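K.L.:
model the structure of this input:
(chains A and B)
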There are 2 protein chains.
Amino acid sequence: MVSRRSLTIDTEKATKTTYVLGTTLTVNLIRCAPPQSKSFSIRCTPNVHYKITPPITDKNALPYPLGPNTILLITMDTVSETAFDSKLSVRYYGEKTETLGDAILHLTAVEISLDVDADRDGVVEKNNPNKASWKWGPNGHGAILLVNCDSESINNKKPDNENSDIGKVSDLKDMSKMVLRTNGPSQLPEGYKLSMHISQSTSESVRVFRPRTNTKTENLWKYQLLKLFLKDFLMVVGTDTLTQEVPYLGGSSELEFHVEGLRFPDKDFDGLVTINLSLLEPCGKGFPETPIFTDKVVFRVSPWIMTPNTLKPVEVYVCSTEDNYSFLKSIRNLVEKSGYKLKICHEYMNRGDRWMQDFPYDALLGPDFGYVTRNALNEEVSSLDSFGNLEVSPPVTVNGKNYPLGRIIIGVAFPTARKGRNMTKVVQDFLWAQKVQEPIALYSDWLFVGHVDEFMSFVPAPDRKKFRLLLASPDAGYKVFKSLQNSGLGKAEMFPGKEEAISVNDLLSDKKLQAENRYVQNCIDWNRDVLKKELGLDDEDIIDLPILFKVMEEKNEDSVPRAVAYYPDMVNMIVLGDQLGVPKPFGPQVKGVCALEKEMCSLLEPLGLKCTFIDDFAPYHKLLGEVHCGSNVLREPFTVRWWNLEL
Amino acid sequence: MVSRRSLTIDTEKATKTTYVLGTTLTVNLIRCAPPQSKSFSIRCTPNVHYKITPPITDKNALPYPLGPNTILLITMDTVSETAFDSKLSVRYYGEKTETLGDAILHLTAVEISLDVDADRDGVVEKNNPNKASWKWGPNGHGAILLVNCDSESINNKKPDNENSDIGKVSDLKDMSKMVLRTNGPSQLPEGYKLSMHISQSTSESVRVFRPRTNTKTENLWKYQLLKLFLKDFLMVVGTDTLTQEVPYLGGSSELEFHVEGLRFPDKDFDGLVTINLSLLEPCGKGFPETPIFTDKVVFRVSPWIMTPNTLKPVEVYVCSTEDNYSFLKSIRNLVEKSGYKLKICHEYMNRGDRWMQDFPYDALLGPDFGYVTRNALNEEVSSLDSFGNLEVSPPVTVNGKNYPLGRIIIGVAFPTARKGRNMTKVVQDFLWAQKVQEPIALYSDWLFVGHVDEFMSFVPAPDRKKFRLLLASPDAGYKVFKSLQNSGLGKAEMFPGKEEAISVNDLLSDKKLQAENRYVQNCIDWNRDVLKKELGLDDEDIIDLPILFKVMEEKNEDSVPRAVAYYPDMVNMIVLGDQLGVPKPFGPQVKGVCALEKEMCSLLEPLGLKCTFIDDFAPYHKLLGEVHCGSNVLREPFTVRWWNLEL
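P.N.:
Numbering: from 1, shown residues only, chains lettered A, B, ... in the order given. Model (predicted):
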């Protein structure tokens, strides 16, 4: 916003302009002076004020001497009641104070302010001095904007940001308010216009609507009552419309706008959106108007935020398939016991896909429930692009740096691997661009499926950092089996009663399995070291769960050995407050109790957690997934405001 | 770089690993303890050191009690002479201090450091603690990298960054040095490897070369003498090669690398480049190696920097065409008088294009003379994409913010215009991404050609901000003509002797021309206000040059009136120190002196500047360009280091 405007006045023809309160008009007096002018005097109506620079030192020197750079600074303090009701004139004098000419300026004063909620208190205040910038943190400022990726419609669903109209008035609640406050005569002087405008790139990120009738929308319920729908709102700027005139309402008025965020921050979009409002002045017949005043506001689009296991669950999602009846029953028991809601995605929706971490989006999209997707172009999509490979830690502090929303965790190939599967760049770029949950890339390509949820999870805890990191640990697994052997229970069977049954002695004597688990422990330890560093964890914050892996027999393309869980992978659990739904491991029985379940309980119960072991053997484990892969949880959002982060 | 590494030891089988000086190995003692272990003791060779956490409080409690989270921290202080020459063993005891097992660890210690010139003193120091990060400013740190966009070749020219080989040894001087310092036994233990690796996106920005023979390249002249050419350097990582083994030389050695920058910062590239070096440990037959240590260095690629008119010229470029012989002669005189070099781009090279601001690149590309281009995809290219529309200001300070390299200036359409020509987004994005000369967008679409150099220039000055902004000013132009009329010279002719000749009286009575110039002055004033604000200028820093414009008669596509200079546009000048080559305006003669030339001299000579008026009427002005459009100047670079900017 340029608040000083150069203006030329003319002794041959009166000049007319419109002045915006708070700005200054600067007139270079020598520029329009008749030749041989030596001095000047000024007269003006009472609401017009002026200063001369360089200042006239001799106050009695009337008329004022005209220097080579004498500048007149004009301001006004009240708005006009009618067009051009104010006036200023400059009289030029020659050597002998003879009058050489009069330059006359007719002025209309108006007040214009494009306003947003820059102080984040829910009210669109008037002309906040910080409205055109954005700063993170509790002492920061700047308006915010949601990405309108939910759907108000119940039928024929599509995210609202893919709809160019406002389908329902309730959709306005997903938008931010913006107000154009103006004050002045009942009409702008002839030829003047107000224009809202955005840049080409901004038009991909935002749309601005206003009511077709210039009514205040303060009481939204009135709209509801009147059943005013999409035809009553028009898009001012947005997709394919970079600039459009907006009405000047006259007198002291407020025109309300509704601003809709269209996309999340990404590699090519920092999340900031600028909306401009200019006053255009006519330049004479046949010439385009010139913007003589521009006001500007900035919004930041909300980042996409994940919710960790430590947040309170609201609803649990799970698929129903032809073969998972008893699994579903166990999950239902667990969820109902815990007092949460369960939503089942039936076969006609899931089309046989049971992996609830990649839930079909048609079923969930609805009011206040949105989604975002990224399409990989020119990139190979792999198993690592499933969202068992996308997790988030609870809040942590690392070397004094706070992550009050936790950190996103994904799995990729080792950077030193010549070949390897990675999460697609387009998704990784998206995740990093959100900024508020700075991601950590773990190494998960050693797994056949390749997901971080195959070797790690987080559970709430009453002490220390208020959570524990759970890691699958072959060492901890072997320890259980060796203890059994040492206690004379070497003949007890793993997988009792199943065709896979094998004695503890036989399992422990399998050197190939040992070598594979040595390799797996190395891979997990590498991740353990990264997690300790990036989440600021001590060994006391980590619990090793007794889980063995094995290398898949079938050769993959790049013939790198890749691992799967040897028995149901207990770390791949569902966490519902203090209730854990854990894959039932089918370990050796000791006095009727599974040794692996017992070990799990002894590790987790001291934290006040309750393990419920769920049989997922046939419908999930054998298909290389477990309870976590087969479920999803909607949780209460963080109470921490993302804009209060210090970034 | 994770400097703490988890390690598992085993009572059944000795463990071997390689230790990197400066790191810590952490062993969870309970994890590998035989069942029923209650306490432990430790023995090690003298160069191995250990700590136990939580610390053993009772120093006499031998053997030490084994707690649920007893961690052994292992460090070493000297490198090994042979593989596995060091050892540590843990003995576990049962309830009655009977020995339950010994876990033995064989260790090889090496030193590894990937090094760059992070303190920017021209020397690649050893293991700078800041080598893996980058900070702007005189108290900042971080290595820098040139974009190798010149060409060492004289024939068959192509920028070196488009050549995947090192064509000449002199090309190494355009690269940054990086050194891998290692110390340890003559060979790494069996199966261990060093691997250099970069990310997919980094591979588009950088290439790393090393001599094929492992010789120090300290004395480059030796290479010159030996005529060692491209075959003697091999690419380690870069385009299509993300990871590659590098040799371990044994003993205390240095392996030199040459790092080549491939592209300038841009919208999708912040300029930072990370190069990693990992030590890989074998994981047993059939399993991929695991990185057990990673060192990391960061470079920032140099931004693309423009040189303002206030920098000392080195060489002037101009095209020769069939019709510009006398223009060329004038330029030659001016350049030779000023003591600079002149390079003429002959017709066979310029193919009839005289606009030297868009010089054909084949002619100039050569050693230490590079270029960068951007191709517009899916975008309309307009006249605003010529580089008379791309200028740079001298250094300025604006509201306390320093721009020691000045600010880039481009011209675009008014943001409020429904139709309008803009500089392509791909070029604008590039310019903004350079950061060190933060661009200013002016409004130039009001001009038929649409270039900022049609209404503005900068000249050096001895006082104030050490420069003046020159602006074309119809008001200042009319003032000259009115003065002539007032002095009784109304019959004097503009364009004397030319077919366009017109008397001062006739010119002043042309109301259409007046209206057009009123509009033009408005457009220029809008830019003046932006420049004052964005460059922190006062009116005293600006000189208004007497130049009239006219609106082109021929209708353009969007039928918006667009302006061209009415007489040769004197602001479109070439600035060579205190010598200005100014388009000869052909103004009315007063006592044999051109009134416009006289006014120009009276405005500029007080600054110690000398105007030479160059006749460009037929070969340039009539084709809608002038002296500046038809020339280009290579200038001495800034002495300010870009990395010392506080961004």
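K.L.:
please count neighbours and contacts with C-alpha atoms only from this point.
P.N.:
Fine.
K.L.:
for the residue of chain A positioned farthest from its centre, grab phi and psi.
P.N.:
When distances to the mean C-alpha position of chain A are computed (Cα atoms, centre = their mean), the maximum falls on residue A:96, with 70.4 Å. Phi and psi for residue A:96, reported as degrees, to the nearest 10, are phi -100, psi 30.
K.L.:
how close does it sit to residue A:39?
P.N.:
According to Cα to Cα, to the nearest Å, residue A:96 and residue A:39 sit 10 Å apart.
K.L.:
and the contacts of stretch A:373-390?
P.N.:
For stretch A:373-390, contacts defined as Cα atoms under 8 Å, 6 or more residues apart in numbering or on different chains pick out A:357-358, A:408-412, A:421-427, A:445, A:449-454, A:628-629.
K.L.:
stretch A:494-513 - what's its average pLDDT?
P.N.:
For stretch A:494-513, the per-residue pLDDT values average out at 97.
K.L.:
is chain B within reach of it?
P.N.:
No: if you take Cα under 8 Å from any Cα of the partner chain as the test, stretch A:494-513 misses chain B, and the best it gets is 10.8 Å.
K.L.:
pull out the buried positions in that stretch.
P.N.:
Neighbour-count burial for stretch A:494-513, with 16 or more other Cα atoms under 10 Å in any protein chain shown as criterion, is recorded at A:494, A:495, A:496, A:502, A:503, A:504, A:505, A:507, A:513.
K.L.:
what's the helix or strand hosting residue A:581 in contact with?
P.N.:
Taking DSSP states H and E as the definition, one finds residue A:581 inside strand A:579-583. Contact partners of strand A:579-583, identified using Cα under 8 Å, 6+ apart, comprise A:331, A:334, A:338, A:568-575, A:609-617, A:626-627.
K.L.:
what of stretch A:486-493?
P.N.:
Outside stretch A:486-493, the residues within contact range by Cα under 8 Å, 6+ apart are A:484, A:485, A:501, A:502, A:503, A:504, A:505, A:587, A:588, A:589, A:590, B:35.
K.L.:
want to throw those into TSV with distance to residue B:639 and secondary structure?
P.N.:
Listed next are the contacts of stretch A:486-493 as TSV, based on distance: Cα to Cα, whole Å; DSSP: H, G, I helix; E, B strand; the rest coil:
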residue	distance to residue B:639	secondary structure
A:484	75	helix
A:485	76	helix
A:501	77	coil
A:502	77	strand
A:503	78	strand
A:504	75	helix
A:505	76	helix
A:587	73	coil
A:588	76	coil
A:589	79	strand
A:590	80	strand
B:35	70	coil
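K.L.:
tell me which residues touch the nearest residue to residue A:458 once chain neighbours are set aside, please.
P.N.:
Counting by Cα to Cα, 6 or more residues apart in numbering or on different chains, the nearest residue to residue A:458 once its immediate chain neighbours are dropped is residue A:469, at 4.7 Å. If you count contacts by Cα under 8 Å, 6+ apart, residue A:469 has them with A:456, A:457, A:458, A:459, A:541, A:542, A:543.
K.L.:
ok, now with 10 Å
P.N.:
Contact criterion Cα atoms under 10 Å, 6 or more residues apart in numbering or on different chains gives A:393-394, A:456-461, A:528, A:531-532, A:535, A:537, A:539-544 as the residues in contact with residue A:469.
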